[in-house]
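Engineer: Okay, here's the prediction I keep looking at, along with the sequence it came from:
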Amino acid sequence: MRKGLSKDLIARVLGGVPKYTIAELEAKYPIRNLPDGAMVTRVAPSPTGFMHLGTLYQMMIAKKFAAQSDGVFFLRIEDTDTKREVTGAVDVILKCAREFNLSPDEGPEQGGLYGSYFQSQRKDVYHSVVAELLAGAAAYPCFLTHEDMENIRDKQKLSGLPTGIYGEFARDRDLTEQEIIRHLDNGEIPSIRLYSNGNKSQMIFYNDLVRGRLAFPENDEDIILIKSNDGLPTYHFAHLCDDHFMRTTLVQRGEEWLPSLNLHLQLFRMMNWKNPDYIHVATINKLDEETGNSRKLSKRTDPEANTLKYLELGYPCESVLNYLYNIVASGFEEEKIKKTETNIWNYPLKVKKIPTSGALFDMRKLEWWAREFIATMSVDDLTARVIEWTKEYSPDWQKRIHGHEDYLKSILSIERDNPKRIRKDFVTWKQTLSEIEYFFDELFVKNTEFEYNKSVLDAFVQGFDINDDRDTWWNKIVEIANTLGVKNGDIAMNLRVAITGRTNTPDLYSVMQVMGHDRVAKRIVIG
């Protein structure tokens, strides 16, 4: 019968006496008092770079499940990988949560009774739990160095064996207390490893809420629970401790975590704790340009994976969420087309209808969602959103429109008075400003390639009156056409290019009315 370590040796191995017993932790983080069926969900990103679009996707799903079940959604920062942590990455995660209206009920900014919401600040919890495992002979201190593990890996590869620390390769799993003390006396700092009793020939079964019944070989690897370099947990052990004591009931994550499910179930069963329900959602993919194969959006190579880019470009956050929600919620687009008031918060997300195959990221489809969303906005809301975007992302435009907000509103109101024919050429706030820049004299670029009919322009400007109604304005164009023997459309095109520098613009009469007499007359003359 294998014996666990003594309290004194556990304290020495961990660098101090554990702060809590398991019973004290259970009391400190009690079962949440929530209605029956309420889900406690979370998203737990690592601050190792920009926020991946897949994290936004998971954040949306987690918040939706909690919201529709009267549950709790929390954000936990998994900052235990100190070597890969990027300065400012946490701020980006929090910013994206706020901007996309996905702020959690509990988290680093909101606080909560189940914090801290930074894993690096929960070391006392992890050490207290691992002390229980050391005392119960379910874990052990391991003094293998990086070089030792590389040698083991090389031997395993040469022999065609799976790599890892298991079985005969787990050199330190049965060290005596005296041997452990001898290592400690030499100044060696151990990692803490799981003492796995798993058998690869045995299967572990689980019913994933989306994928149904799954079967995996048991885990036989003595994975690291607590790292030697900083005393912080690995992802696997932090998941066990945090999702138990933060009382998570549903863990939804990408399908890339499926190979770890057997280990996570093993850890929960080892502690006699109820594991949360799991959903493994298909990843968002793209076609690889070199191979033509579908692959997961990559942080390293795919700019569209960077969530912050959508804010910088000025995509309406609602349209990005609509696009993502349509991937996971069957029938959402059809319902949205029928009822424009439908949104991700009033359209239910059903577990059984979540797809198990990955969707290809489609920028054109995202742009469609953006066009459709902007088309439903009031002019006041559209103007306000554009102005708000300039404050953070375009100081030049902010300066340009400051004091001219009414002019901007008039520009954006063109072709938005007929609900059945609202213009849909606006995609992002940045692109919207690009579309209307010819209204501003300092940005207007004369079209020098167009062959103007000077007679047409001279005739129009002589009779031009900004106070003309639409019919009067058009009748003057027809009269000029008849007099000069040209087509009505040719006159309109000459005026359009002279005034805007472009051959394709919204309604010409409305453009002139917004620009005003002096600006229009000046541009026609120099046209």
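Structural biologist: The structure has been received and is ready for your questions.
Engineer: Phi, psi for the residue positioned nearest the centre of the chain please.
Structural biologist: Centroid check for the chain by C-alpha atoms, centre = their mean gives Leu56 as the closest residue, at 1.9 Å. Here is the backbone geometry of Leu56 (degrees, to the nearest 10): phi -60, psi -40.
Engineer: where does it sit relative to Pro45, distance-wise?
Structural biologist: Going from Leu56 to Pro45 by C-beta to C-beta, to the nearest Å gives 10 Å. To be clear about C-beta, it is placed using only N, CA and C from the backbone, and glycine gets the same treatment.
Engineer: Check Phe216 too.
Structural biologist: Applying C-beta to C-beta to Phe216 and Pro45 gives a distance of 25 Å.
Engineer: Neighbour count: those two, which is higher?
Structural biologist: Between Phe216 and Pro45, counted using other C-beta atoms under 10 Å, Pro45 has the larger neighbour count: 23 against 18.
Engineer: Wasn't that one part of a strand?
Structural biologist: No: under DSSP: H, G, I helix; E, B strand; the rest coil, Pro45 sits outside any strand and is assigned coil.
Engineer: got a list of what it touches?
Structural biologist: Contact analysis of Pro45 by C-beta atoms under 8 Å, 6 or more residues apart in numbering lists 51-52, 55, 77-78, 93.
Engineer: farthest-separated two in these?
Structural biologist: Spatial extent of the contacts of Pro45 (C-beta to C-beta) is set by the pair His52 and Ile77 at 14.5 Å.
Engineer: His404: neighbour count?
Structural biologist: Quick note: His404 (other C-beta under 10 Å) scores 13 neighbours.
Engineer: no wait, Leu158
Structural biologist: Neighbour tally, Leu158, other C-beta under 10 Å: 8.
Engineer: what's the offset of stretch 373-389 from the middle of its chain?
Structural biologist: 23 Å (C-alpha atoms, centre = their mean, to the nearest Å).
Engineer: ugh, typo on my part, it should be stretch 400-416
Structural biologist: 32 Å.
Engineer: Now do the buried residues in it.
Structural biologist: 400-401, 408-414, 416 (16 or more other C-beta atoms under 10 Å).
Engineer: Other residues contacting that stretch?
Structural biologist: Here stretch 400-416 makes contact (C-beta under 8 Å, 6+ apart) with 379-380, 382-383, 386-387, 390, 421-423, 432, 436, 439-440, 442, 506-507, 510-511, 514.
Engineer: and if you look at stretch 424-434?
Structural biologist: In contact with stretch 424-434 (C-beta under 8 Å, 6+ apart) are residues 312-316, 367, 370-372, 374-375, 382, 385-386, 389-390, 393-394, 397, 412, 435.
Engineer: rewinding a little: Throw the buried residues of stretch 400-416 into JSON lines and include secondary structure, thanks.
Structural biologist: Formatted as JSON lines, the entries for these read as follows, by three-state DSSP:
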{"residue": "Arg400", "secondary structure": "helix"}
{"residue": "Ile401", "secondary structure": "helix"}
{"residue": "Leu408", "secondary structure": "helix"}
{"residue": "Lys409", "secondary structure": "helix"}
{"residue": "Ser410", "secondary structure": "helix"}
{"residue": "Ile411", "secondary structure": "helix"}
{"residue": "Leu412", "secondary structure": "helix"}
{"residue": "Ser413", "secondary structure": "coil"}
{"residue": "Ile414", "secondary structure": "coil"}
{"residue": "Arg416", "secondary structure": "coil"}
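Engineer: Need the worst-confidence member of these.
Structural biologist: Taking those together, the minimum pLDDT is found at Arg416 (90).
Engineer: how far away is that residue from Asp468?
Structural biologist: 22 Å.
Engineer: Over to Leu313?
Structural biologist: For Leu313, the distance to Asp468 (C-beta to C-beta) stands at 39 Å.
Engineer: go on, Trp397?
Structural biologist: Per C-beta to C-beta, Trp397 is found 32 Å from Asp468.
Engineer: Just the buried ones out of the contacts of stretch 424-434, please.
Structural biologist: 314-316, 367, 370-372, 374-375, 382, 385-386, 389-390, 394, 397, 412, 435.
Engineer: Kindly indicate whether Asn219 is helix, strand or coil.
Structural biologist: Under three-state DSSP, Asn219 falls in the coil class.
Engineer: Now for Tyr509: which residues touch it?
Structural biologist: Per C-beta under 8 Å, 6+ apart, neighbours of Tyr509: 470, 473-474.
Engineer: Ok, Thr82 next?
Structural biologist: Thr82 neighbours (C-beta under 8 Å, 6+ apart): 120, 230, 232.
Engineer: Okay, domains of the protein per the record?
Structural biologist: For the chain, the structural domains run 7-23+123-281, 297-375, 393-526, going by automatic domain parsing.
Engineer: follow-up on the earlier one: mark which of the contacts of Pro45 are buried, thanks.
Structural biologist: Buried, going by 16+ other C-beta under 10 Å: 51-52, 55, 77-78, 93, out of the contacts of Pro45.
Engineer: Please, where are all the strands along this structure?
Structural biologist: With DSSP state E as the criterion, the chain has strands at 40-43, 72-75, 139-142, 191-194, 203-208, 212-217, 224-226, 250-254, 277-281, 284-287, 294-296, 359-360.
Engineer: List the buried residues for the first one?
Structural biologist: The one in question is strand 40-43. In strand 40-43, counting by 16+ other C-beta under 10 Å, buried: 40-43.
Engineer: do the same with the fifth one
Structural biologist: With burial defined by 16+ other C-beta under 10 Å, the residues of strand 203-208 counted as buried are 204, 206, 208.
Engineer: Let's have these in TSV, adding pLDDT and distance to Asp458.
Structural biologist: Listed next are those as TSV, based on pLDDT from 0 to 100; distance: C-beta to C-beta, whole Å:
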residue	pLDDT	distance to Asp458
Ile204	95	86
Tyr206	96	81
Asp208	96	75
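Engineer: Which single one of those is nearest to Pro30?
Structural biologist: Lowest distance from Pro30 to the buried residues of strand 203-208 (C-beta to C-beta) belongs to Tyr206, with 26.7 Å.
Engineer: so who does that closest one touch?
Structural biologist: 213-214, 216, 261, 265, 278 are the contacts of Tyr206 under C-beta under 8 Å, 6+ apart.
Engineer: which of those residues count as buried?
Structural biologist: When those are checked for burial by 16+ other C-beta under 10 Å, the buried set is 214, 216, 261, 265, 278.
Engineer: Run a quick check on Met515 versus Ile499, I expect a contact.
Structural biologist: Yes: here Met515 lies in contact with Ile499, judged by C-beta atoms under 8 Å, at a distance of 6.9 Å.
Engineer: so which of the domains of the chain gets nearest Tyr114?
Structural biologist: Nearest of the domains of the chain to Tyr114, taken as C-beta to C-beta: domain 7-23+123-281 at 4.5 Å.
Engineer: distance between the ends of that closest one?
Structural biologist: 42 Å (C-alpha to C-alpha, to the nearest Å).
Engineer: how far does that domain sit from the chain's center?
Structural biologist: Taking C-alpha atoms, centre = their mean, the mean C-alpha location of domain 7-23+123-281 is offset from the chain mean by 29 Å.
Engineer: Name the nearest residue to Lys64, ignoring sequence neighbours.
Structural biologist: Nearest residue to Lys64, sequence neighbours excluded (C-beta to C-beta, 6 or more residues apart in numbering): Leu349, at 5.0 Å.
Engineer: For the one you found, give its distance to Leu321.
Structural biologist: Distance from Leu349 to Leu321, by C-beta to C-beta: 12 Å.
Engineer: Please identify which of those two sits among more neighbours.
Structural biologist: More crowded of Leu349 and Leu321, by other C-beta under 10 Å: Leu321, with 23 against 18.
Engineer: State the distance from that one to Thr376.
Structural biologist: On the measure of C-beta to C-beta, Leu321 and Thr376 end up 14 Å apart.
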